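1. I need the structure of the sequence given here:
(one chain, ligands or ions: 1)
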Amino acid sequence: MMPDVEKILIPSEEIQQKVRELGGRITEDYRDKNPLLVCILRGAVIVLGDLMRYIDLPCEIDFMDISSYGTGTSSSGVVRILKDLEENITGRHVLIVEDIIDTGLTLSYLKRSLLARNPASLEIFALLSKPSRRRVEIEVKYLGFEVPDEFVVGYGLDYAGAYRNLPDICVLKPEVFQGDGKR
Ligand code: IMP
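-> From the prediction side, this is the model:
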C-alpha cells in the first residue's frame with residue numbers, strides 16, 4: 001500500500017464486481033441502441049475503460065472535460081466546458097460516465113447542457129456518490145457505491161493530480177492535505 005494511504009475504502013475486486021454487474025444491466029437496457037458513453041475527464045477514464053469491456057454491445061465513446069474541484073467554480077454551480085464532445089449527440093442514446101457525484105452541481109449543469117442538444121435519451125452512470133453532500137437532486141440510473149463524506153482517491157480519482165493509478169478506492173492520511181480544507 002502507498003505510504004500516503006490511510007485505509008482502503010473499496011478494494012479493487014469489489015469495484016470490478018460492481019462494474020461488471022452494472023455493465024450487464026447496461027447491456028440489457030441498451031440492446032440495439034448503439035449507446036454513446038460520454039466519459040467526464042479525467043477521473044472517469046479508468047472506470048470507462050473497465051465498464052465498456054463489460055458492455056456486450058456495439059457502443060461508442062466520447063470525452064468531455066469540465067472544470068470541477070481545484071478551479072473554485074464547482075460549488076457555485078457555474079461549470080465551464082474545457083473540452084467539448086467530438087460527436088453530434090442529437091438522436092443518440094447517451095450515457096454520461098462520471099467518477100463521483102458530490103454536490104451534484106457539475107452533473108446537473110452538464111445534463112442540462114447535453115439535453116439541449118436533443119439526444120434520444122440521456123442517463124447517468126456514476127461509480128461513487130456522496131449523498132450527504134448533495135445540493136441538487138440528480139437521478140443516477142447506474143450507481144456503483146455510496147461513500148461517506150470523506151475525500152477519496154484511486155481508480156481514477158485524484159488529489160492534486162496524484163493517486164489516480166491506485167487500484168482501490170482509498171482515503172488518504174490527514175497530513176497529506178496539510179489543512180487545505182478537504183477534510
Ligand atoms: P460535484 O459537482 O460537487 O458533484 O463535483 C463532482 C466532481 O468533484 C467529481 O467529478 C470529482 O472530480 C470531484 N470530487 C468530488 N469528491 C471527490 C473526492 O472525494 N475525491 C476526488 N474527487 C472528488
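
2. could you tell me which residues of this protein lie near the ligand?
-> With C-beta under 6 Å from any ligand atom as the criterion, the chain comes near the ligand at residues 43, 68-69, 74, 98-106, 151-153, 157. C-beta here means a position set from N, CA and C on the backbone, and glycine is covered the same way.

3. can you classify Arg25 as helix, strand or coil?
-> Judged by DSSP: H, G, I helix; E, B strand; the rest coil, the three-state class of Arg25 is helix.

4. that one - how many residues pack around it?
-> Residues lying near Arg25 (other C-beta atoms under 10 Å) number 14.

5. isn't it up against Leu143?
-> No - because the distance of 10.9 Å does not satisfy C-beta atoms under 8 Å, Arg25 is recorded as not touching Leu143.

6. please, which helix or strand holds Ile124?
-> Here Ile124 is covered by strand 121-129, with elements defined by DSSP states H and E.

7. for that strand, packing partners?
-> With contacts defined as 3 or more C-beta pairs under 8 Å, 6 or more residues apart in numbering; DSSP states H and E, the packing partners of strand 121-129 are helix 12-29, strand 93-101, helix 105-115, strand 142-146.

8. and of the ones you listed, who's closest to Leu48?
-> strand 93-101 (5.0 Å; C-beta to C-beta).

9. excluding covalently adjacent residues, which one is nearest to Lys7?
-> Of all residues beyond its chain neighbours, the one nearest Lys7 is Val171 (5.2 Å), with distances taken as C-beta to C-beta, 6 or more residues apart in numbering.
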